[in-house]
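Peer 1: Sequence first, then the predicted structure:
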Amino acid sequence: MRWWRRWLEMFLWTAFCFVSVTHTAAQTPSAAIPMDMIVQHDVPMKTRDGVTLYADIYRPKSSEKFPVILMRTPYDKSVNWAVAPTSKIVSRGYVVIIQDVRGRYRSEGEWYPFRHEQADGYDSVEWAAALPFCNGKVGMMGASYVGATQMLAAIAQPPHLAATAPNMTASNYHDGWTYQSGAFEQWFDQNWTSQLAQNTLERFIHQNTNALIGAPTLPLTNYPVFNFGQLPADAQLTQMIAPYYLDWLAHPDYDSYWRQWSIEENFSKIAVPMLQVGGWYDIFNAGTLRNYMGAKKYGANEAARTQQHLLIEIGGHAGFGRRIGDVDFGPHAVENVYTDVILDWYDFLFKGIKNQFATDKPVKLFTMGANEYRQEDDWPPPLARATKYFLHSNGKANSLRGDGSVSTRLPKSEPPDVYVYNPANPTPTIGGPLCCDGEHMEPGPRDQRPVENRDDVLVYSLGPLAQNLEVTGPVTADLFVKSSAVDTDFTAKLVDVGPDGFAQDLTEGILRMRYRASQQHPELINPGQIYEITVDLWATSNVFLRGHWLRLEISSSNFPRFDRNMNTGDEARFARNFVPASNTIVHDSQHPSALILAVMPEK
């Protein structure tokens, strides 16, 4: 008997023994359908290669023609979160089409992230535009992967795509979705893939037995389901239900595998206005900012270059509302409701209504600390000044008990800071831009003091501040480093410390040393040699209030958000052994390590 048949029998027997999470594709009940709305379920569309995709359509009960807002999702077109806003959207005079992407839920074909979204996105837009109740204008909306389906459709240039509104999505599916500066995004990659594989597994069982899709099955929620495929059985099972995960591991470098669906390499093909929506604690916020800047600079036409808008909220995938993580951001945090903003966007573009998009500046940001929304002429804000805060210590910046500091004063003769990074005891992830399982690991701003009390974390502080300091823009750490290993990681985190000691993480980054010069061509380091590196901490908008402290943390792990570097130079998928590394931050007159912040002028 083949291995998978043995596994399938075991799986089906186990499923009878567990009360499990089941498929909850609850379609909108007839009683909930407004009298002035028509709903059509499972409307078929044939792709260019003959695969049938299915969509649910919600439209006004009228003989008029309306613009279409299309959502293409891998998360089930009929779940409540997708269906909930349809009544509001239809009441504003739009047709809503929610389609299961290829290989997901009702739609036919093979599920493989990103692979088919350009061609299928093009075909879906043109199909929607030709429907008898559509006036020929098609816009798109949705978050996360539903934002990816928009970006990939946009670079395919379907003639009837008139605008998009991507929310919380990446600009590069190598750097920013699967890896970050060379480090594997282990927490996201494994839990997201595990959740997606649930439907793939159900489809497999349905195709090979008489079981019904949606019947009770054993949920894939004991992470990590996919653990680098280290065991033969694991690799075989993963190849069956998530082959793309193994492909991600096989392509740690930015190569042709990733270029085939790169957004950043195709900004010049974007020919439509876009509203990018993100969040400071969102896992894809760097992509949101890059999508805005890239389309604005390289867009295919004037409409694309001049009609780019940006809205950055607080949590994104890390949460919504006024309280994100451990922080209450006040009443202004709930001002922007995504559906309302999107409807204003399309009212402005498709109906010529003079609303906020006709009068406001193109960039709107929530500024933490001040806890209010502010408007800017562009991103990064033109008035922000790149300011260097140099690292200082007497060689003992280890932990909160150390003597590390930052200031605008240039360093002179100072001893370096040394710590030991041991992969057997990595610095743990506490909060931050996590996705997509808050039950097992809480995202958002959290108190970083447990991390800062470790000797393998260097802490550099400035404060208490005599006056408010606003930082709005990119954040980087230019560091001079060396290591006893042939490869290691360096992490950095910007923290706002209140008078009570609460250490709120703002933004963070990582760099795998072999990728210090290029993500295409990794190169190991020479132990003991000093290298100048830049750790990208993405961006923030925060007012460090009077009496607060500004803080930089440096370490070599942030696990399990990122995989542990074993310090041996082996690829993650092959690494079995590890060695501790003695890592050093050099900060003197010849090696002026610095935190670089975008400081706004005093108001």
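Peer 2: Cool, the structure landed. Residues are numbered from 1 along each chain as shown.
Peer 1: Could you use CA atoms for every contact and neighbour count after this?
Peer 2: Fine.
Peer 1: okay, now Thr306: neighbour count?
Peer 2: Counted by other CA atoms under 10 Å, the residues lying close to Thr306 total 16.
Peer 1: go on, the one 4 residues further on?
Peer 2: Look at Leu310: counted by other CA under 10 Å, it has 25 neighbours.
Peer 1: quick one: contacts for it?
Peer 2: 275-277, 289, 292, 362-364 (CA atoms under 8 Å, 6 or more residues apart in numbering).
Peer 1: So which of these belong to strands?
Peer 2: Using DSSP state E, the subset of the contacts of Leu310 located in strands is 275-277, 363-364.
Peer 1: And for the residue nearest to Arg290 when sequence neighbours are not counted, the neighbour number?
Peer 2: Spatial nearest neighbour of Arg290, excluding adjacent residues (CA to CA, 6 or more residues apart in numbering): Ser171 at 6.4 Å. For Ser171, the tally of surrounding residues (other CA under 10 Å) stands at 28.
Peer 1: would Ser171 count as being in a strand?
Peer 2: No. Under DSSP: H, G, I helix; E, B strand; the rest coil, Ser171 falls outside any strand and is assigned coil.
Peer 1: wait, what's in contact with it?
Peer 2: Counting by CA under 8 Å, 6+ apart, Ser171 touches 262-264, 286-288, 290-291.
Peer 1: Distance of it relative to Asp378?
Peer 2: Ser171 sits 18 Å away from Asp378, taking CA to CA, to the nearest Å as the criterion.
Peer 1: got it, and Asp36?
Peer 2: Distance from Asp36 to Asp378, counting by CA to CA: 41 Å.
Peer 1: Neighbour count: these two, which is higher?
Peer 2: In this view Asp36 and Asp378 are compared by other CA under 10 Å, and Asp378 has more residues nearby, 18 against 12.
Peer 1: Just to be sure, the more buried one is in a helix?
Peer 2: No. Counting by three-state DSSP, Asp378 is not found in a helix; it is coil.
Peer 1: wait, it sits on Pro362?
Peer 2: Yes. With contact defined as CA atoms under 8 Å, Asp378 reaches Pro362; the gap is 6.7 Å.
Peer 1: residue boundaries of the helices in the protein?
Peer 2: Counting by DSSP state H, one finds helices in the chain at the ranges 3-16, 80-83, 86-91, 117-129, 145-156, 186-208, 232-241, 243-250, 256-259, 285-298, 302-306, 338-351, 356-359, 449-452.
Peer 1: Relative to Glu185, how far out is the most centrally placed residue in the chain?
Peer 2: By CA atoms, centre = their mean, the chain has its centre lying nearest to Phe284, at 2.3 Å. According to CA to CA, Phe284 stands 12 Å off from Glu185.
Peer 1: and what of Ile89?
Peer 2: Distance from Ile89 to Glu185, counting by CA to CA: 35 Å.
Peer 1: cool, Pro423 as well?
Peer 2: Distance, Pro423 to Glu185, using CA to CA: 16 Å.
Peer 1: before we move on, what about Tyr179?
Peer 2: Distance from Tyr179 to Glu185, counting by CA to CA: 5 Å.
Peer 1: can you tell me which residues contact the nearest residue to His116 once chain neighbours are set aside?
Peer 2: The shortest distance from His116 to any non-neighbouring residue, by CA to CA, 6+ apart, is to Arg102 (7.5 Å). Shown in contact with Arg102 (CA under 8 Å, 6+ apart): 51, 53, 74, 108-111, 116, 120.
Peer 1: Of the residues you listed, which belong to strands?
Peer 2: Per DSSP E, the contacts of Arg102 map to strands at Leu53.
Peer 1: rewinding a little: which neighbours do Phe284 and Glu185 have in common?
Peer 2: Counting by CA under 8 Å, 6+ apart, the contacts common to Phe284 and Glu185 are Trp177.
Peer 1: what about the chain, any weak spots by pLDDT?
Peer 2: Residues of the chain meeting the criterion pLDDT under 70: 1-33, 210-234.
Peer 1: ok, 90 please
Peer 2: Within the chain, the ranges that satisfy pLDDT under 90 run 1-36, 79-84, 190-191, 194-195, 197-241, 336-338, 436-440, 571-576, 602-603.
Peer 1: Would you mind splitting it into its domains for me?
Peer 2: Domain assignment for the chain, taken from automatic domain parsing, gives 3-20+197-251, 33-175+259-376, 385-599.
Peer 1: From Gly402, how far out is Asp417?
Peer 2: In this view, Asp417 and Gly402 are 10 Å apart by CA to CA.
Peer 1: Find residues that contact each of the two.
Peer 2: Taking CA under 8 Å, 6+ apart as the criterion, Asp417 and Gly402 both touch 396, 458.
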